[in-house]
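Colleague: Sequence below, structure please.
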Amino acid sequence: MNLNQLLMHWHGIIFIIFCAIAFIQLFYYLFFFTRLASYKPTAGQYIQKNPVSVIICARDEAANLAKNLPGALVQKYPVNHEVIVVDDNSFDDSRYLLEEFEKTFQQLHVIELKQEAKMITGKKFPLSIGIKTAKHEIVLLTDADCVPATENWIEGMQQTYDDNTEIVLGYGAYYKKKGFLNKLVRWETFHTALQYFTYALAGVPYMGVGRNLSYKKTIFFRHKGFSSHNNIPSGDDDLFINIAANKFNTKINIDPETFTLSEPVNTWTNWIKQKNRHYTTGKYYKPLHKFLLGLYSFSHFIFFPLLVVSCIVFSWKLSLLVFAIRFLTQLFVFYPAMKKLQEQDLYGWLLFFDIWMFFHYLLFSVALIKKPKQAWN
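Modeller: Sure, this is the predicted structure:
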C-alpha cells in the first residue's frame, strides 16, 4: 500500500492510533495501578521496634509549628526516638516557640541555623544537617505544615523495615474540605501517589514525598546526600529517592495510621505555583522513569482528543466501545485504590477528573522545561 492509498484510509488509521493509545492506558491500569488496588502488607511486616529520628525543617513556620509539632511529639512509641526541628534562619517567633516546647518534651532537639548555605538552595542544607545530627539509623521526614494522622505514625512507619529495606514511602494526604479546589488538590495528590506507590510495587520506584518519607542514614551517606543535585532548589525528596531507590530496598506503607495530613492551598494562584514547583524536577529523573511517566502522560493527554476525532471521522459506536472498555477498567482499578488511601469520596468525580487531566497537562507542560526558581519552598 503506497502513501496515496494510506491517505485514502486515514479515517481508519486515526481509529487504530486511538485504539493503540487506549491499549497503552490499559497497560498502565492493569500492570501498574492494579498493584495498589490489590496490595496487602507482607507477613511479618509489623513486628520490629527500631529507634527513630523524626526530622522537620522549618523557616518562618511558627504558626504551623504551634499547630502541628505536638502531633509528632505525643506519638505513642515505647522505643527510643527523637524529634529534630531544624530552624533555618527564621525571622518570626519560631525560636521562642521551640524553646517552650523543649521545656516540656525531652525528645525534642532544636537546631538553629543562623547562616545561609553557599551554593546550596532550598531545603537540602538544613535537611542534611538534621540527618547528620540524628542519633538513630532510621530517619522519618515530614514538613512543618504536616501533622501525623494518628499517634501511631512513628510505630507504623518504622515497622515496614526489614533487613533489606532502606526506604519507606508513606502517604501525605490533605484535609478534606468543601469546594472544588480541595477535591482537585486531593485528586492530583491521589493520582501522583497511585503512580509512585505502584511503580515501587512493580520494582521501579522513582519518587517519594517529603511530607511522609523515611530512609536510613546509611543510604543517605552512601549517595553523598544531595550532592548530585544541590544546585536544584527542590528535589530533596523525589530526586534523592529517584537516585537511591531500587526494587530491593524500597517498600511502601499505606496504613491509614501512618498518613500525614496537610492544609491544602486555598487559592488557584497558590495551587498553580505549587504544581509548577513540583513539576520542575521531573526532567532530572532517570531515563526509564522519564519514559514511563512521559508515555503515560502523553497517552492520557491525547486519549480524549482522539476519541472525539474517531467518533466524528470513523465510527462513534466503535470509538465509544473502546472508551467504555477503558473507563470500566479504570472504575474497577481506581475504587479499591482510592479506598486504601481514604479518598473514595472522589470516586464519583472520576470521569470529570479523567477529562480534566487533558487540561492539566496543557497547563503545566511548560514547567517540565522551565528552570526551577531559587526558593526555599
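Colleague: can you give me the helices in the chain?
Modeller: Along the chain, the segments classed as helices by DSSP state H run 3-8, 10-27, 34-37, 62-73, 94-104, 124-133, 153-158, 180-201, 217-222, 238-244, 268-279, 287-313, 316-340, 350-364.
Colleague: With respect to residue 254, which of those lies nearest?
Modeller: Proximity to residue 254 (Cβ to Cβ) singles out helix 316-340 among the helices of the chain, at 5.4 Å. Backbone N, C-alpha and C define where each C-beta goes, glycine included.
Colleague: coming back round to it: please identify the deepest-packed of the helices of the chain.
Modeller: Highest mean neighbour count of the helices of the chain: helix 153-158, a mean of 24 (counted as mean count of other Cβ atoms under 10 Å).
Colleague: mind giving me the domain split of the chain?
Modeller: Domains of the chain are assigned by automatic domain parsing as 12-38+288-368, 52-284.
Colleague: How about the contacts made by the residue nearest to residue 171 when sequence neighbours are not counted?
Modeller: Distances taken as Cβ to Cβ, 6 or more residues apart in numbering put residue 259 closest to residue 171, at 5.1 Å, once the chain neighbours are dropped. For residue 259, the contact set (Cβ atoms under 8 Å, 6 or more residues apart in numbering) comprises 148-150, 153, 170-173, 212, 342.
Colleague: Ignoring the adjacent residues along the chain, who's closest to the residue nearest in space to the middle of the chain?
Modeller: The chain has residue 209 as the residue nearest its centroid, 4.3 Å off, counting by Cα atoms, centre = their mean. With sequence-adjacent residues excluded and distances taken as Cβ to Cβ, 6+ apart, residue 209 is closest to residue 172, at 4.9 Å.
Colleague: go on, residue 230?
Modeller: residue 120 (4.9 Å).
Colleague: rewinding a little: I figured the residue nearest to the centre of the chain hits residue 237, correct?
Modeller: Yes. Using Cβ atoms under 8 Å, residue 209 makes contact with residue 237 at a distance of 5.6 Å.
Colleague: The residue nearest to residue 209: how many residues sit nearby?
Modeller: 22 (other Cβ atoms under 10 Å).
Colleague: Please name the bridge partners of it.
Modeller: On the basis of DSSP bridges, residue 172 is bridged to residue 260.
Colleague: Need the pLDDT of the nearest residue to residue 98 once chain neighbours are set aside.
Modeller: Leaving aside its sequence neighbours, residue 98 sits nearest to residue 110 (Cβ to Cβ, 6+ apart; 4.7 Å). Residue 110 carries a pLDDT score of 97 in this model.
Colleague: check contacts around residue 39.
Modeller: Applying Cβ under 8 Å, 6+ apart, the residues near residue 39 are 197, 201, 252, 254, 340.
Colleague: Recalculate using a threshold of 7 Å.
Modeller: 201, 254, 340 (Cβ atoms under 7 Å, 6 or more residues apart in numbering).
Colleague: Pick the one among those closest to residue 164.
Modeller: residue 201 (15.3 Å).
Colleague: residues touching that closest one, list them.
Modeller: Residue 201 makes contacts with 35-36, 39, 252, as judged by Cβ under 7 Å, 6+ apart.
Colleague: Looking at these, which two lie furthest apart in space?
Modeller: That would be 35 and 252, which, of the contacts of residue 201, are the farthest apart (Cβ to Cβ) at 9.7 Å.
Colleague: ok so, going back, please tell me how far the residue nearest to the centre of the chain sits from residue 94.
Modeller: 23 Å (Cβ to Cβ, to the nearest Å).
Colleague: Same question for residue 69.
Modeller: Look at residue 69 and residue 94: by Cβ to Cβ, they are 10 Å apart.
Colleague: which stretches of the chain have low pLDDT?
Modeller: 1-8, 43-47, 119, 366-377 (pLDDT under 70).
Colleague: at 90 instead, please
Modeller: 1-13, 40-49, 78-80, 114-122, 225, 227-236, 266, 268-283, 313-314, 360-377 (pLDDT under 90).
Colleague: excluding its backbone neighbours, what's nearest residue 356?
Modeller: residue 184 (7.6 Å).
Colleague: gap between the one you found and residue 272?
Modeller: 11 Å.
Colleague: And for residue 281?
Modeller: 17 Å.
Colleague: now, which of the contacts of residue 201 sits nearest residue 352?
Modeller: Nearest member of the contacts of residue 201 to residue 352, counting by Cβ to Cβ, is residue 36, at 21.3 Å.
Colleague: Which residues are in contact with the closest one?
Modeller: Residue 36 neighbours (Cβ under 7 Å, 6+ apart): 194, 197-198, 201, 337, 340.
Colleague: for those, which one is nearest residue 246?
Modeller: residue 201 (13.2 Å).
Colleague: can I assume residue 17 is in contact with residue 307?
Modeller: No. Contact between residue 17 and residue 307 fails when scored by Cβ atoms under 7 Å: they sit 11.2 Å apart.
Colleague: What count of nearby residues applies to the closest residue to residue 139 other than its chain neighbours?
Modeller: Distances taken as Cβ to Cβ, 6+ apart put residue 53 closest to residue 139, at 4.9 Å, once the chain neighbours are dropped. Residue 53: 24 surrounding residues under other Cβ under 10 Å.
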